[in-house]
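*Asks:* coords please:
(one chain, ligands or ions: 1)
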Amino acid sequence: MIALDIAGLSCRYEQTSVLSNLSLQVEEGEIVCLLGRSGCGKTTLLKAISGLLQPSAGSISLHGQKVSSAHGSFPPEQRGIGMIFQDYALFPHLTVFHNIAFGLKDLSRRDIRKRVDEMLELVNLSGLDKRYPHELSGGQQQRVAIARALANNPSLLLLDEPFSNIDSQVRQRLVREIRDILKQQKVAGLFVTHSRDEGFAFADSVAIMHEGNILQRGHSFDVYNRPANRFVAEFMGSGNLLPCEVINNRTVSTPVGIVESSSEISANPGQSAELFIRPQMLSIEKCQCKNPVDPAQIKSQQFMGTSLRTEVKLKESVLVVENSTPFPVSTPVDISVQPHELVLFDQQGHSL
Ligand SMILES: Nc1ncnc2c1ncn2[C@@H]1O[C@H](COP(=O)(O)OP(=O)(O)OP(=O)(O)O)[C@@H](O)[C@H]1O
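*Replies:* Below is the predicted model of the structure:
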């Protein structure tokens with residue numbers, strides 16, 4: 001069953017078109033992360049889903065029911081959507097208990113107490129029900145926000161950068177914890193973040209947004225290793241672009257030599273392309289030749305905590321390599337490519 005089905009959605013603010021013909025589906029119980037540069041339309045998409053913005057074209061359906069189209073929309077309170085924001089949005093003058101109980105208007109007092117206690121236990125805050133938001137840490141406030149959103153049994157949870165105000169040491173744990181809670185409750189979620197690592201840890205799949213549209217959707221590992229185009233490849237992480245010529249369906253000729261792909265290349269022999277190689281897929285070792293002509297040379301090295309980020313000058317270009325051996329600047333080196341599934345782009349930047 002599909003929890004959220006967005007079909008051909010377009011949204012605009014007066015004269016400015018922000019989303020254009022965007023489609024996205026989220027399965028029941030699935031968590032999808034929207035990743036994209038600032039201003040690409042992530043918040044606008046969440047606003048349209050929650051009912052705060054009317055689309056100019058296309059439709060939004062929740063569990064098979066159309067809730068938004070250019071012809072009419074359900075108001076936000078009739079959509080059964082829970083929202084979680086980066087600033088927690090708790091009521092400062094209400095206790096934790098009353099914050100969580102806020103939306104539970106139709107239940108008896110006893111059932112409200114029971115539901116709030118269940119939620120407090122779920123988010124690991126039992127016993128803190130009498131505290132006010134200012135008496136809680138950022139992580140605890142965000143857990144209250146989660147408890148409040150889940151108390152109403154939402155059919156979909158929208159999370160807009162929920163972890164960005166949380167201390168980085170607590171964040172990693174909270175990301176896993178909240179993911180586990182959503183999975184346990186089988187709630188579908190659409191999650192917006194600027195942090196790729198957070199998106200990878202929290203979501204089942206990622207959707208890469210650019211200029212009001214989704215360029216690629218899939219498991220983060222696949223999107224990272226099989227990007228649909230150059231924008232997605234670079235957005236998912238740094239890489240080197242090398243001009244190359246296809247030799248056959250497994251090999252290409254590049255400035256660092258002949259490189260073999262672990263999977264078949266769908267390009268014709270003789271075709272020119274660009275090879276995209278992640279820094280960790282390049283290896284360097286001290287050049288063994290006595291008098292190498294114009295060798296690649298170490299330009300700089302920087303320790304990044306777990307590995308070295310090494311810049312290698314190769315003729316007119318500079319390649320970035322992730323390695324573990326320190327070399328003095330100007331050391332001549334041989335560069336090799338570790339066996340992997342090669343990523344090639346045509347002149348327009350589309351994957352071949
Ligand atoms: N109320 C508004 N009126 C006019 N333009 C707006 C309005 N809200 C947003 N925009 C514009 O729409 C575009 C998309 O904004 P949106 O907030 O959806 O981006 P975003 O991807 O969420 O950005 P960020 O990551 O910085 O939060 C931007 O160019 C923004 O300036």
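
*Asks:* Ser56: what's it in contact with?
*Replies:* Ser56 makes contacts with Ser10, Cys11, Arg12, Ser17, Ala70, as judged by Cβ atoms under 8 Å, 6 or more residues apart in numbering. Where you see a C-beta, it was placed from the backbone N, CA and C, and this is true even at glycine.

*Asks:* can you name the residues of this structure that neighbour the ligand?
*Replies:* Residues of the chain found near the ligand (Cβ under 6 Å from any ligand atom) are Tyr13, Thr16, Val18, Gly36, Ser38, Gly39, Cys40, Gly41, Lys42, Thr43, Thr44.

*Asks:* look at the residue nearest to Ser261 when sequence neighbours are not counted and say how many residues are nearby.
*Replies:* Leaving aside its sequence neighbours, Ser261 sits nearest to Leu342 (Cβ to Cβ, 6 or more residues apart in numbering; 3.9 Å). When neighbours are defined as other Cβ atoms under 10 Å, Leu342 has 24 of them.

*Asks:* could you do Ala57 as well?
*Replies:* 15.

*Asks:* next one, pLDDT for it please.
*Replies:* For Ala57, the model assigns a pLDDT of 95.

*Asks:* would you map the strands across the stretch 201-350 of the chain?
*Replies:* 205-210, 213-218, 240-246, 251-254, 257-260, 272-277, 282-286, 296-303, 308-314, 317-323, 332-337, 343-345 (DSSP state E, counting those that start in this stretch).

*Asks:* adding mean pLDDT, write the ones you listed out as JSON lines.
*Replies:* JSON lines is the format used below for those (pLDDT from 0 to 100):
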{"stretch": "strand 205-210", "mean pLDDT": "96"}
{"stretch": "strand 213-218", "mean pLDDT": "96"}
{"stretch": "strand 240-246", "mean pLDDT": "96"}
{"stretch": "strand 251-254", "mean pLDDT": "95"}
{"stretch": "strand 257-260", "mean pLDDT": "94"}
{"stretch": "strand 272-277", "mean pLDDT": "96"}
{"stretch": "strand 282-286", "mean pLDDT": "94"}
{"stretch": "strand 296-303", "mean pLDDT": "95"}
{"stretch": "strand 308-314", "mean pLDDT": "96"}
{"stretch": "strand 317-323", "mean pLDDT": "95"}
{"stretch": "strand 332-337", "mean pLDDT": "93"}
{"stretch": "strand 343-345", "mean pLDDT": "97"}
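
*Asks:* most packed of the ones you listed?
*Replies:* Most buried of these, by mean neighbour count (mean count of other Cβ atoms under 10 Å): strand 205-210, with a mean of 23.

*Asks:* rewinding a little: so which of the residues of the chain next to the ligand are in strands?
*Replies:* Tyr13, Thr16, Val18, Gly36 (DSSP state E).

*Asks:* ok, the last one - contacts?
*Replies:* Under the criterion of Cβ under 8 Å, 6+ apart, the contact partners of Gly36 comprise Lys42, Ile208, Met209, His210, Phe235.

*Asks:* verify the stated contact: the fourth one with Phe231.
*Replies:* Yes. Contact status for His210 versus Phe231: in contact at 5.9 Å, counting by Cβ atoms under 8 Å.

*Asks:* good, we can wrap up now.
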